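S.K.: here are the coordinates; sequence isn't available:
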């Protein structure tokens, strides 16, 4: 078979030569025949004629021979492709609409597919990823998995026979790295020294830890860098291995750099670097209280193991079950109801995974629906066009073109459109994925949303576009080449007013318009809400504030040193020229991370939720929060049992009472209220007033947690961002190894706090635009098709004296009826949904009249334009030509 | 192949059969076919050439430029082993088919 194709290809390549030789062969034949006939006594003329007659038509034979070596379908395909390209080029507007529709549908599907492909089917870039498993704790009561485990548990699990090796790690470890530029905070993994022997990623430089040495405390500290950290901080310096860099102010030697894609074995969390357990004591940030390695209650580790040959996930799970039971008998206090769970490494936790699958199935069905709608619209466009080309097609059928051949030609055209749509759609999907990768989620540790390019996605897009081309091309092609043309036209003829008003086509357009309406109304509401969120009174003066985080606990200061460092930083920051006031606090308003607790004023009433802040003096001045009564904390005066509360707390816990100097019980402490301040937004811009406690920054000052660190806030004259460099310098003077992170202005922080409304406005806006485009094409296609179908009727009307305006009006009426019907349904649906959207809106009524007026008006305008194009085409019809059309 | 004269595929089969007698050029094949069928088969002689191309493409015969009996440059065809195998199976199939047709027509 293969040989045959090789020969065919050779024949085809040498086609000209071969044809010449064949001709020579045939001529020889004719000559020999003539010779023979002449020998039998014919004249030369007669003999030549007779030879010819017996031979048949040499040209036809030549053609027939040629076909054996040039596959006919191939030349036909080329011919069709050229023809299709020509027709497409002749109608760029139509082509653009069709390609864009297909691109939107295919792009939506491909994007969803690429995310699902990444989230669900990713494999880790390690040696034999199928044998690498993660082991987590499982709560046997709730069935929840993905729990951390204690080091002694890990030491027991490590004995499991199913694994060749098992490593434990802690993946949420912040550390500041200094040397070679500004100190900066990074997130890394603390792991047992056999980590790299178990996980086995690729190394660009050097090696992993030395399992025989790096576990023991006191060994010389080492670290492994991730590829991105190596690139961004060390400029890809190939001499980095063996160099000493500073980690939290302590020296560590770089021993290796991992390959580009490897960021640890967690599905979402990215590791910048890895350090061995021997360095655990230098990491005060991971404060688990007391003996981290000996305590079974201190559950903080994840584990990963490499399966032994012959062991499966099932057999490993069974073995871990047995170990879990033994542990719960041996240590009932800590290990009761605790089991272990094993799964392929790099996978989402099964609970999340199930949710993700459901989510993607939903998303995918929505995007398939979008694709189907786009297909239907393009099919309508094609129908309108083939109806216009009816005459050409009829002529070609009449002079003997095969129907199959014509269908194939029309399909080539739609396949070409679909393919362009597929390429554009793939580009759209990639742009979408890239946009997602750039999405800055307001979390202080790095989360991976970037989706790498994947050949599977491209195959998916291409397959989808081939299918799409068939779907939207087949019906028009078959219809256009229907042999009984006149009959077909007669049967479908619909005079105005008698058309199938509830035909599938019309219903589809109405549904599209309705959905588009809902999307546009939602995006309108979100946009309005975003606008009004900018005008919400935050209770603080947000301009000209610079915020930054730092975490002295990373550098393992003693409590006294911490106090000294904080005071020094505060002093040097406030003495900077242009700084009006400076403060430090456990967190800033609206940074979305913080501690909350309950306060019970009266046991009979429900407790009040209070947000807790620890603040240094000048906090309220710096943030512009109004002092209502009482006095701020004063520098240098210890006020351990003092607390400042806000108005919301006063209103909720002690309405109408004077609170200054009042003593309140909070757990086992008695606090006296030093001041009452105005209520500022605490967690989100849209929240109801939150009660807040502001404690004086204690001696053993810590941030809210290791994520946000401690916040330094400055009120500046002029653009706050311009002060960042000066503050860095001031901090460096205090401690050169202290990393500053999350440097941002308060305004930027507020816009981060508007993340949810911003993203929803953007998403709904995009979806709305897509819907608008698709339904515009839908309206345009349906009206164009109906105009094309009614060419004759319109011709009759014009011939009988209908004015152009009347014709335009008729067509417009038809289109606008559909639009109005769809809009009405969409408005009703949007109103019905308003109860859901209400919870996401700030300062805008879910039935906002501006939105509900502007959106339909815009939609109607666009629909009118879409109808006007075919309407004017109808009005411009020459009655004589129109009547001859059939 | 002449359209109405032969069952499809029979011309190819007969060409293969003819070539079992040895290497020959197109004209000789045509002559031989005519003689053997005693002028009954009215095949357009030209249809032989597409058939030869087809057979060559399938690897059943091999064409080579040589010299004809009267010293003219001509393309000489010879049967390949694959062609021989095909001929055998085609002959068997043909026998089966004609037998069946004959039985249906009540002539067996």
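M.R.: Cool, the structure landed. Since this is a predicted model, take the numbers as computed values, not measurements.
S.K.: switch to C-alpha atoms for all contacts and neighbour counts from now on
M.R.: OK.
S.K.: tell me the SS of residue A:138?
M.R.: At residue A:138 the chain is in strand, as set by DSSP: H, G, I helix; E, B strand; the rest coil.
S.K.: skip the chain neighbours and tell me the closest residue to it.
M.R.: residue A:145 (4.3 Å; Cα to Cα, 6 or more residues apart in numbering or on different chains).
S.K.: so who does that neighbour touch?
M.R.: A:136-139, A:340-341, A:349-351 (Cα atoms under 8 Å, 6 or more residues apart in numbering or on different chains).
S.K.: just the buried residues from the residues you listed, in ChimeraX please.
M.R.: Here is the ChimeraX command that selects the buried residues among the contacts of residue A:145 (16 or more other Cα atoms under 10 Å in any protein chain shown):
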select /A:136,137,138,139,340,341,349
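S.K.: name the SS class of the residue nearest to residue A:138, please.
M.R.: Here residue A:145 is coil, with the state taken from three-state DSSP.
S.K.: do you know the pLDDT at it?
M.R.: As predicted, residue A:145 sits at a pLDDT of 80.
S.K.: if we can go back for a sec, and the contacts of residue A:145 as CSV, adding pLDDT?
M.R.: Output for these, formatted as CSV (pLDDT from 0 to 100):
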residue, pLDDT
A:136, 89
A:137, 89
A:138, 88
A:139, 86
A:340, 91
A:341, 90
A:349, 71
A:350, 71
A:351, 70
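S.K.: who in chain B is up against chain A?
M.R.: Within chain B, the positions lying close to chain A (Cα under 8 Å from any Cα of the partner chain) are B:26-27, B:44-47, B:49-51, B:53-54, B:57-59, B:74-75.
S.K.: which SSE is residue B:69 in?
M.R.: Using DSSP states H and E, residue B:69 is not contained in any helix or strand.
S.K.: what does it show for phi and psi?
M.R.: The phi and psi values for residue B:69, taken as degrees, to the nearest 10, are phi -60, psi -40.
S.K.: now do it against residue B:20, distance only.
M.R.: 19 Å (Cα to Cα, to the nearest Å).
S.K.: looking at these two, which one has more neighbours?
M.R.: Counted by other Cα atoms under 10 Å in any protein chain shown, residue B:69 and residue B:20 do not tie: residue B:20 has more neighbours, with 16 against 10.
S.K.: what sits closest to the residue of the stretch 551-700 of chain A found nearest chain B if chain neighbours are left out?
M.R.: As assessed by Cα to the nearest Cα, chain B sits closest to residue A:592 within the stretch 551-700 of chain A, at 75.4 Å. Leaving aside its chain neighbours, residue A:592 sits nearest to residue A:683 (5.0 Å; criterion: Cα to Cα, 6+ apart).
S.K.: the top helix by length along chain B: how far from the chain's middle?
M.R.: Ranked by residue count, the top helix of chain B under DSSP state H comes out as helix B:81-104. Computed by Cα atoms, centre = their mean, to the nearest Å, the chain-centroid distance of helix B:81-104 equals 13 Å.
S.K.: that helix: which residues count as buried?
M.R.: Buried residues in helix B:81-104, defined by neighbour count with 16+ other Cα under 10 Å: B:83-84, B:87, B:90-91.
S.K.: in CSV, list the residues you listed along with pLDDT.
M.R.: Below are the buried residues of helix B:81-104 laid out as CSV (pLDDT from 0 to 100):
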residue, pLDDT
B:83, 91
B:84, 92
B:87, 92
B:90, 89
B:91, 91
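S.K.: on that earlier part again, packing partners for the longest helix of chain B?
M.R.: helix B:10-19 (3 or more Cα pairs under 8 Å, 6 or more residues apart in numbering or on different chains; DSSP states H and E).
S.K.: in its sheet, what does the helix or strand just after the helix it packs on sit against?
M.R.: Moving toward the C-terminus from helix B:10-19, the next helix or strand (DSSP H and E) is strand B:24-25. Strands that pair with strand B:24-25, judged by DSSP bridges, come out as strand B:73-79 (antiparallel).
S.K.: pull out the buried positions in the partner strand.
M.R.: Buried residues in strand B:73-79 (16+ other Cα under 10 Å): B:74-79.
S.K.: how near is the residue of chain A positioned farthest from its centre to chain B?
M.R.: Most distant residue from the mean C-alpha position of chain A: residue A:41, 89.2 Å away (Cα atoms, centre = their mean). Residue A:41 sits 18 Å away from chain B when distances are taken as Cα to the nearest Cα, to the nearest Å.
S.K.: name the SS class of that residue, please.
M.R.: coil.
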